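J.: Based on what follows, work out the 3D shape:
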Amino acid sequence: MSRNHQNRQPVLEARDLSKDFHTGGAFTGGVVKAVQGASFKLFRGHVVALVGESGSGKSTIVRMLARLHEPTAGEIFYNGEAVLSQRGRRALLRYRSQVQMVFQDPFGSLNPVHRASHAVQRPLKIYNKANSRQELRDKLEELFAMVSLTPVDEFIEKYPHQLSGGQRQRIAIARALAADPEVILADEPVSMLDVSIRLGILNLMGRLRDEQGIGFLYVTHDLASARYFADEILVMYAGFIVEQAPAEELISDPKHPYTQMLLAAVPDPTRGLKTENIELEGEIPDLTSLGGGCPFAPRCQHAMDICNEAMPAQTTLEDGRWVRCYLYEDELAPAQMN
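T.: So this is what the prediction gives:
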């Protein structure tokens, strides 16, 4: 779905976010550069998919936006206001009421000793969304119905082990909705579910986007689901966002060699991409020993000497999308990619 955001203020913005993790001891440790200079905007009623292999830094970005990790550098803006400078429990609660998270594991994110009703009641109480016992019950029934867990009485008093994976993830989504958020950070929300029920969860989130105007950051390694659900796709590799484009444009015409490699691994005879000769070799590099060049260079069939010397800057293409690759700088013809 294509959406025009000209002259609109993003509800959530990451600006030059970076995160380093220190490992080992004072003398033997290293620094893992998990995220480097990530910037993007999320609008109401809009889905941004963040895709890449495991270890690329996707979940670290989500945890920074959820205020579970403090960035090493950069800033987060919510409705135009800087977030990281706002200190104290009250400011954090206010932010988290508007920016909620849905985790990958629908069983591990629910307390096994409490009923489903408890998981959804708790944010209603924390964020003062109900003022009486009857209002609390009404809100619970509304939220269970919103995530298609009906008849409500069949689900509201069940324990997590009595629910299927898809039902547990619907409870997790209802819990996020209880805070009445403007943004939901969905960290691989369907990757642990059976293939047969993934589409139902994606359709549920799509309905919430359209009916409630919620903005989603959808983290996934699955380009097929990103194409189905997202309006825009960001491709991440070794801590860097290396390409950005509207979902359909990125899938039909990938620019970065890494994006082409990812798509070459997806069986899709209708795609029409010329990626048959791309070799799927190598792994994400050790993030404690990154050099100054492009981290994808050791795996790239188009690598040049300059690729090993410096990370390419962001190059904006004629249609407004962008890519970090020397093949698209002005002095080099994009035809070299063919």
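J.: and the residue nearest in space to the middle of the chain, what does it touch?
T.: Of all residues in the chain, the one closest to the mean position by Cα atoms, centre = their mean is V219, 3.0 Å from it. V219 makes contact with A49, L50, V51, K58, S59, I61, V62, L185, A186, D187, E188, according to Cβ atoms under 8 Å, 6 or more residues apart in numbering. To be clear about C-beta, it is placed using only N, CA and C from the backbone, and glycine gets the same treatment.
J.: run the last query once more with 7 Å
T.: Counting by Cβ atoms under 7 Å, 6 or more residues apart in numbering, V219 touches L50, K58, S59, V62, A186, D187, E188.
J.: same check, this time on W322
T.: Applying Cβ under 7 Å, 6+ apart, the residues near W322 are Q244, Q314, T315, T316.
J.: What pLDDT is listed against the first one?
T.: pLDDT recorded at Q244 is 97.
J.: The helix or strand where it lies: partners in the sheet, and parallel or antiparallel?
T.: If you go by DSSP states H and E, Q244 is part of strand 240-246. If you go by DSSP bridges, strand 240-246 pairs up with strand 232-237 (antiparallel), strand 322-323 (antiparallel).
J.: Work out the gap between the shortest one and the centre of the chain.
T.: Put plainly, it is strand 322-323. Here strand 322-323 shows a centroid-to-chain-centroid distance of 18 Å under the convention Cα atoms, centre = their mean, to the nearest Å.
J.: Now do the end-to-end distance for stretch 67-85.
T.: Counting by Cα to Cα, to the nearest Å, you get 12 Å between the two ends of stretch 67-85.
J.: Please identify the buried residues of that stretch?
T.: By 16 or more other Cβ atoms under 10 Å, the buried positions in stretch 67-85 come out as R67, H69, P71, T72, G74, I76, F77, Y78, V83.
J.: Also stretch 116-132?
T.: Neighbour-count burial for stretch 116-132, with 16+ other Cβ under 10 Å as criterion, is recorded at A116, S117, A119, V120, Q121, P123, L124, Y127, K129, A130.
J.: how about the CA coordinates for that stretch, as PDB?
T.: Extracted C-alpha coordinates of stretch 116-132, given in PDB (Å, rounded to 0.1, in the frame of the first residue of the first chain):
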ATOM      1  CA  ALA A 116      -5.200 -14.700  29.800                       C
ATOM      2  CA  SER A 117      -7.300 -12.000  31.500                       C
ATOM      3  CA  HIS A 118      -4.500 -11.100  33.800                       C
ATOM      4  CA  ALA A 119      -2.100 -10.400  30.900                       C
ATOM      5  CA  VAL A 120      -4.500  -7.900  29.400                       C
ATOM      6  CA  GLN A 121      -5.800  -6.400  32.700                       C
ATOM      7  CA  ARG A 122      -2.400  -5.400  33.900                       C
ATOM      8  CA  PRO A 123      -1.700  -2.700  31.300                       C
ATOM      9  CA  LEU A 124      -5.300  -1.400  31.700                       C
ATOM     10  CA  LYS A 125      -4.500  -0.900  35.400                       C
ATOM     11  CA  ILE A 126      -1.000   0.400  34.900                       C
ATOM     12  CA  TYR A 127      -2.000   3.000  32.300                       C
ATOM     13  CA  ASN A 128      -5.300   3.900  34.100                       C
ATOM     14  CA  LYS A 129      -7.600   2.800  31.200                       C
ATOM     15  CA  ALA A 130     -10.400   1.600  33.500                       C
ATOM     16  CA  ASN A 131     -11.900   3.300  36.500                       C
ATOM     17  CA  SER A 132     -14.200   0.500  37.800                       C
END
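J.: Right, I'll call it a day here.
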